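Engineer: I would like the atomic coordinates for the input below:
(chains A and B)
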Number of protein chains: 2
Amino acid sequence: MKKLRDLQLIIEDAIAKLEIPEHPIELYEPVKYILSLGGKRMRPALLLMACDLFGGDVEAALSPALAIEVFHNFTLVHDDIMDNAPLRRGKATVHERWGQNAGILSGDVMLVLAYQLMMKVEDGLLRTILDVFSQTAVGVCEGQQLDMDFEKRHTVGIDEYLNMIRLKTSVLLGGALKIGALIGGANLADAELLYSFGEHLGIAFQLQDDILDVYGDPDKFGKQVGGDIMSNKKTYLLIKALELANWAQASELNDWINSKDFDGEQKVNAVTELYNQLNVRQYAEHEMETHAEKAFKALDQISLPAEQKQYLRYFADGLLVREN
Amino acid sequence: MKKLRDLQLIIEDAIAKLEIPEHPIELYEPVKYILSLGGKRMRPALLLMACDLFGGDVEAALSPALAIEVFHNFTLVHDDIMDNAPLRRGKATVHERWGQNAGILSGDVMLVLAYQLMMKVEDGLLRTILDVFSQTAVGVCEGQQLDMDFEKRHTVGIDEYLNMIRLKTSVLLGGALKIGALIGGANLADAELLYSFGEHLGIAFQLQDDILDVYGDPDKFGKQVGGDIMSNKKTYLLIKALELANWAQASELNDWINSKDFDGEQKVNAVTELYNQLNVRQYAEHEMETHAEKAFKALDQISLPAEQKQYLRYFADGLLVREN
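Structural biologist: Take a look at the predicted model:
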């Protein structure tokens, strides 16, 4: 089994060699720029890992893996416009540097480039793989729309939230794994089990992210603790807290949410205290556990010897017990 | 040979029956809205016409024809954001009605939907047709980028301009015709000749549009005469005029271009007078004629009996001698 680090290097190398046209400069410079900003290349690496898992040739899966990465970066470029984000991986976002129109249009062309790269598979797999990819892409768009809708709404249900993070993040992990599996020679049943593994792993991972925002060690988490609280982001913790709160707790929580002028540390401390009173961390951990179990159950059901699946299991374990 | 009007009705009916998901509402309402605004459905109708030309079953080409129309509408939604346009076909644009983010995201999902519709062809044609479609899509993005670039530049060459309108408009006509031909059973050589027909016809048509903006009969043209002059749009006429003008003429033209506060009628009259002095209409008509001839020559070369191609020839004739 090829290790994640090796696969990430293969991806990194292939991205550097990717032939992006030169002209029009304003269209393709942003494409090269966003792809050069790095990141963990987790999605394409998972695609290669899935191919390798079934004994497939990783080289044959390289273009589709790049397709997933180009697609992911297309969503970043457009999401950053929608979120008005000035920075991405510590550098200026595309729209910040080249203007909004260049961001829209270079994102568009990246989506087409992603399809072109995804088509570099053998004829027998072309339709199946493009179907998976298109369904994935539609899911990601729907997830982003739900995320924006939720920001404007007062109340969001836990189920709605879980569905949103499934679409916005997990579907792409699942899609990448399924495509890799198919290229690697998996049958459809196994490929779908691997999809399910990715889907649940993605949800568990996102829930962990929600928890770490509040309870993570700032030195190890790499983000400012309480960032979600300060921006009133509707995370699992906040949604659950609003669901469980009694009148007094709800009113205190809403006061903090509606407050325009506040001391950041004070707000983070007060909201965290309410989360503690309501035990929302435990609820979130339980939900995360449930999805992790579903992920591992799907992995177990794949018709391969257990030792062959061990790397993916350990990898997922590692992902979910990230030091906090 | 099926007539344009019949084909337009087939398209209109199929669009009305197109199954667009209901949720998330904010994502799919704009898709339904823009597709319901009408328009001539020229591109999908041409795709069906090309299929019919080679004796193919128009029904088998219906989904790809819808794909072309959905793709075209995706470009309209994103272009309207980039151009800050409040109106499209007399109605509010998507971003005007639902906000910019909805415009970006519903455009994105339409591009994916277009691929899904385009995939509804037989396996033997899938790769070829998707290749044509992707190349077309990339061309359209490049054309839009060049168009935006040119707006910011002082001088643009005639060749650059012709290449821009080729990419922005003609490539999609050519692509639609080529895809229709392939579905209709044309060999690759004939399909490429039909692409060339569409490409040159599109350029000729756009040049005619540039001419009609200045010299058209306002009652029949359907737009305000001189609109391009008032907005300093870099049309063939303006580019050629700037190329041919002597020092005094260039300086007068630039004064009008740079003038912020002007009487519209006066500007249109003065610039038209300069165009007349420089004979730019004749140059434009000659260029248009050249492309029309190339279009007809490509049509002639297609290995079908002349009478079978007559309808397409008459249709193109009609398009290019639009009453002015």
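Engineer: which helix in chain A runs the most residues?
Structural biologist: Longest helix of chain A, by residue count under DSSP state H: helix A:123-152.
Engineer: Quick check: which helices or strands does that one pack against?
Structural biologist: helix A:62-82, helix A:100-118, helix A:158-165, helix A:171-184, helix B:25-36, helix B:100-118, helix B:123-152 (3 or more C-beta pairs under 8 Å, 6 or more residues apart in numbering or on different chains; DSSP states H and E). Heads up, the C-betas are built off the backbone N, CA and C, glycines and all.
Engineer: Name the residues of that helix that are buried.
Structural biologist: For helix A:123-152, a neighbour-count test (16 or more other C-beta atoms under 10 Å in any protein chain shown) marks A:125-127, A:129-130, A:132-150 as buried.
Engineer: quick check: angle from it to helix A:62-82?
Structural biologist: 20 degrees (axes from the mean of the first three to the mean of the last three C-alpha atoms, to 10 degrees).
Engineer: What's the mean pLDDT across helix A:123-152?
Structural biologist: Averaged across helix A:123-152, pLDDT comes to 97.
Engineer: Distance of the residue of the stretch 201-324 of chain A found nearest chain B relative to residue B:20?
Structural biologist: Closest contact between the stretch 201-324 of chain A and chain B, by C-beta to the nearest C-beta, is at residue A:234 (15.3 Å). Distance check for residue A:234 against residue B:20: by C-beta to C-beta, to the nearest Å, it reads 27 Å.
Engineer: Have a look at the two and say which one is more surrounded.
Structural biologist: Higher neighbour count among residue A:234 and residue B:20: residue A:234, with 22 against 14, using other C-beta atoms under 10 Å in any protein chain shown.
Engineer: sorry, back to before: next up, the contacts around the residue of the stretch 201-324 of chain A closest to chain B.
Structural biologist: Taking C-beta atoms under 8 Å, 6 or more residues apart in numbering or on different chains, we find residue A:234 in contact with A:150, A:151, A:156, A:161.
Engineer: repeat for residue A:151
Structural biologist: residue A:234.
Engineer: And for residue A:169?
Structural biologist: Counting by C-beta under 8 Å, 6+ apart, residue A:169 has contacts A:143, A:202, A:203, A:205, A:206.
Engineer: Closest one of the residues you listed to residue B:278?
Structural biologist: residue A:143 (55.7 Å; C-beta to C-beta).
Engineer: Wait, a strand at residue A:260?
Structural biologist: No - with DSSP: H, G, I helix; E, B strand; the rest coil as the criterion, residue A:260 is coil rather than part of a strand.
Engineer: State the pLDDT value of it.
Structural biologist: At residue A:260, the model reports a pLDDT of 90.
Engineer: Phi and psi next, for it.
Structural biologist: Note on residue A:260: backbone dihedrals following degrees, to the nearest 10 are phi -90, psi -30.
Engineer: neighbours of it, just the number please.
Structural biologist: Neighbouring residues of residue A:260 were enumerated by other C-beta under 10 Å; the total is 4.
Engineer: and residue A:155, helix, strand or coil?
Structural biologist: Residue A:155 ends up coil, using three-state DSSP.
Engineer: Just confirm it contacts residue A:245, I think it does.
Structural biologist: No - judged on C-beta atoms under 8 Å, residue A:155 makes no contact with residue A:245 at a distance of 11.8 Å.
Engineer: distance of the nearest residue to residue A:202 once chain neighbours are set aside from residue A:64?
Structural biologist: Nearest-residue entry for residue A:202: residue A:170, 2.9 Å, with adjacent residues in sequence omitted and distances by C-beta to C-beta, 6 or more residues apart in numbering or on different chains. From residue A:170 across to residue A:64, the span is 19 Å (C-beta to C-beta).
Engineer: Quick one: distance of stretch A:273-291 to the chain centre.
Structural biologist: Chain-centre distance of stretch A:273-291: 21 Å, with C-alpha atoms, centre = their mean, to the nearest Å.
Engineer: what about residue A:97, helix or strand, and which?
Structural biologist: helix A:94-98 (DSSP states H and E).
Engineer: Can you show me the helices along the stretch 201-324 of chain A?
Structural biologist: A:218-221, A:227-230, A:236-244, A:247-258, A:264-277, A:280-301, A:306-320 (DSSP state H, counting those that start in this stretch).
Engineer: tell me the mean pLDDT for stretch A:10-29?
Structural biologist: The model assigns stretch A:10-29 a mean pLDDT of 96.
Engineer: Any idea how many residues pack against residue A:257?
Structural biologist: 15.
Engineer: same question but for residue A:9, I mixed them up
Structural biologist: 13.
Engineer: Give me every residue in the stretch 1-150 of chain A lying close to chain B.
Structural biologist: A:23-24, A:26-27, A:78, A:81-82, A:100-102, A:104-105, A:107-109, A:111-113, A:115-116, A:119, A:123, A:126-127, A:130-131, A:134, A:137-138, A:141-142, A:144-146, A:148-149 (C-beta under 8 Å from any C-beta of the partner chain).
Engineer: If we use 7 Å, what do you get?
Structural biologist: A:24, A:26-27, A:78, A:81-82, A:101, A:104-105, A:108-109, A:111-112, A:115-116, A:119, A:123, A:126-127, A:130, A:134, A:137-138, A:141-142, A:144-146, A:148-149 (C-beta under 7 Å from any C-beta of the partner chain).
Engineer: mind checking how far residue A:226 is from residue A:272?
Structural biologist: 7 Å.
Engineer: list residues touching both of these two?
Structural biologist: residue A:214 (C-beta atoms under 7 Å, 6 or more residues apart in numbering or on different chains).
Engineer: what's the closest of the helices and strands packed on helix A:123-152 to residue B:261?
Structural biologist: helix B:123-152 (20.7 Å).
Engineer: Can you verify residue A:120 is assigned to a helix?
Structural biologist: No - per three-state DSSP, residue A:120 lies outside any helix segment and is coil.
Engineer: ok, for it, nearest residue in space, not its chain neighbours?
Structural biologist: Closest to residue A:120 by C-beta to C-beta, 6+ apart is residue A:63, at 3.6 Å.
Engineer: contacting residues around residue A:156?
Structural biologist: A:150, A:234, A:239.
Engineer: so what's the residue of chain A most remote from its centre up against?
Structural biologist: Taking C-alpha atoms, centre = their mean, the residue of chain A most remote from its mean C-alpha position is residue A:248, at 35.6 Å. Contact analysis of residue A:248 by C-beta under 7 Å, 6+ apart lists nothing.
Engineer: What score does the nearest residue in space to residue A:29 that is not next to it in sequence have for pLDDT?
Structural biologist: Leaving out its chain neighbours, the residue that sits closest to residue A:29 by C-beta to C-beta, 6+ apart is residue A:98, at 7.2 Å. Residue A:98 carries a pLDDT value of 96.
Engineer: Same question for the one 3 residues further on.
Structural biologist: The pLDDT attached to residue A:101 in the predicted structure is 96.
Engineer: Same question for the one 10 residues further on.
Structural biologist: For residue A:111, the model assigns a pLDDT of 98.
Engineer: just to revisit the earlier point, would you point to the one among the helices and strands packed on helix A:123-152 that's packed deepest?
Structural biologist: Comparing the helices and strands packed on helix A:123-152 by mean neighbour count (mean count of other C-beta atoms under 10 Å in any protein chain shown), helix A:171-184 comes out on top with a mean of 28.
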